[in-house]
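S.K.: can't give you the sequence, but here's the structure:
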């Protein structure tokens, strides 16, 4: 049962850093665009039509980057929740089979499901800590 739970935990170890690095890249690009927008606002070219167009493009780019960040965060949250629920289902299936074949007691299955939940909580906290 532990091997099955670990095998279902490994995909999280793969996709979470990949998605988090994509979020961090988009956040860095958003900060850069916002700084450029601030610089153009402070400059003394008030009323320039060209500046207004470039500022509008920058604001659109910030919106696109924000939406990309939100999509990635929600996708990562969905995948993490899905993986943690699949771990519980796998523990029930494998543990149920082991109880059926008299290799394990029901209390062992309950303890293992509790342990899987306790493993997922710190992992979620770590991911939340590393998010922007």
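M.R.: That came in fine, so what should we check first? All values derive from a computational prediction rather than experimental measurement. Residues are numbered from 1 along each chain as shown.
S.K.: Residue 124: how many residues sit nearby?
M.R.: For residue 124, the neighbour count with other Cβ atoms under 10 Å is 15. Heads up, the C-betas are built off the backbone N, CA and C, glycines and all.
S.K.: Show me the residue sitting in the middle of the chain in space.
M.R.: residue 76 (3.1 Å; Cα atoms, centre = their mean).
S.K.: Mind telling me what element the closest residue to it other than its chain neighbours is part of?
M.R.: On the basis of Cβ to Cβ, 6 or more residues apart in numbering, the spatially nearest residue to residue 76 that is not a chain neighbour turns out to be residue 19, at 4.4 Å. Under the criterion DSSP states H and E, the helix or strand holding residue 19 is helix 2-42.
S.K.: What pLDDT does the model give the closest residue to residue 66 other than its chain neighbours?
M.R.: In space, residue 66 comes closest to residue 30 once its chain neighbours are excluded; the distance is 6.6 Å by Cβ to Cβ, 6+ apart. pLDDT, residue 30: 96.
S.K.: who's in contact with the helix or strand of the chain with the lowest mean pLDDT?
M.R.: Of all regular secondary-structure elements in the chain, judged by mean pLDDT, DSSP states H and E, the least confident is helix 106-130 with a mean of 81. Around helix 106-130, the neighbours that count as contacts under Cβ atoms under 8 Å, 6 or more residues apart in numbering are 1-2, 5, 9, 12, 16, 20, 76, 80, 84, 87-88, 91-92, 95-96, 98-99.
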